[in-house]
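[1] Fold the following for me, if possible:
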Amino acid sequence: MSVPVVRLSPRMRLVPIGCALGAVAVVSIASLSGQTAPSRVQGSAPPSAEKTRALLDQYCVTCHNDRVKTANLSLQGLDLATVPDHAELWEKVIRKLRAG
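    The predicted model follows:
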């Protein structure tokens, strides 16, 4: 029995990278939202929630939505303002992205 080889288009090869960037952005926003004094480099700002949501929608939600729910995970309805409330979920996302 031979195992079929799945060939991904160049765009699909970028999906894990986009998800990783989105997860990093989400975690960055969450960690910075609880700070009182700015600790980031002057001139750089965390990505806006709108940009992060757009990135997640473009690269992650296509597979991790309420309908398909790849890996039993849906990122479709998660509110990025409440990332700390779902810390376990986002930690799981980051671990999976780091593992490749």
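
[2] distance of Ser48 from Ala54?
    Distance, Ser48 to Ala54, using CB to CB, to the nearest Å: 9 Å. C-beta here means a position set from N, CA and C on the backbone, and glycine is covered the same way.

[3] Asn72: neighbouring residues, count only.
    6 (other CB atoms under 10 Å).

[4] With the one 10 residues further on instead?
    When neighbours are counted by other CB under 10 Å, Thr82 registers 10.

[5] tell me the SS of it?
    What DSSP: H, G, I helix; E, B strand; the rest coil gives for Thr82 is helix.

[6] Would you state the helices of the protein in chain order?
    Along the chain, counting by DSSP state H, helices occupy 10-13, 15-33, 49-59, 87-99.

[7] Which positions within the third one qualify as buried?
    So the one you mean is helix 49-59. Ala49, Thr52, Arg53, Leu55, Leu56, Tyr59 (16 or more other CB atoms under 10 Å).

[8] hang on, Thr52 packs against Leu78?
    No: Thr52 lies out of contact with Leu78 (CB atoms under 8 Å); the separation is 10.9 Å.

[9] Let's see the pLDDT reported for Val6.
    At Val6, the model reports a pLDDT of 57.

[10] Same question for the one 3 residues further on.
    Note on Ser9: pLDDT of 64.

[11] try Leu75
    At Leu75, pLDDT is 91.

[12] dump the residue contacts of it.
    Leu56, Cys60, Val61, His64, Asn65, Val93 (CB atoms under 8 Å, 6 or more residues apart in numbering).

[13] ok, for it, nearest residue in space, not its chain neighbours?
    Leaving aside its sequence neighbours, Leu75 sits nearest to His64 (CB to CB, 6 or more residues apart in numbering; 4.6 Å).

[14] residues contacting that neighbour?
    Contact analysis of His64 by CB under 8 Å, 6+ apart lists Thr70, Ala71, Leu73, Ser74, Leu75, Gln76.

[15] which one of those residues sits closest to Thr82?
    Checking the contacts of His64 against Thr82 by CB to CB gives Leu75 as the nearest, at 13.0 Å.
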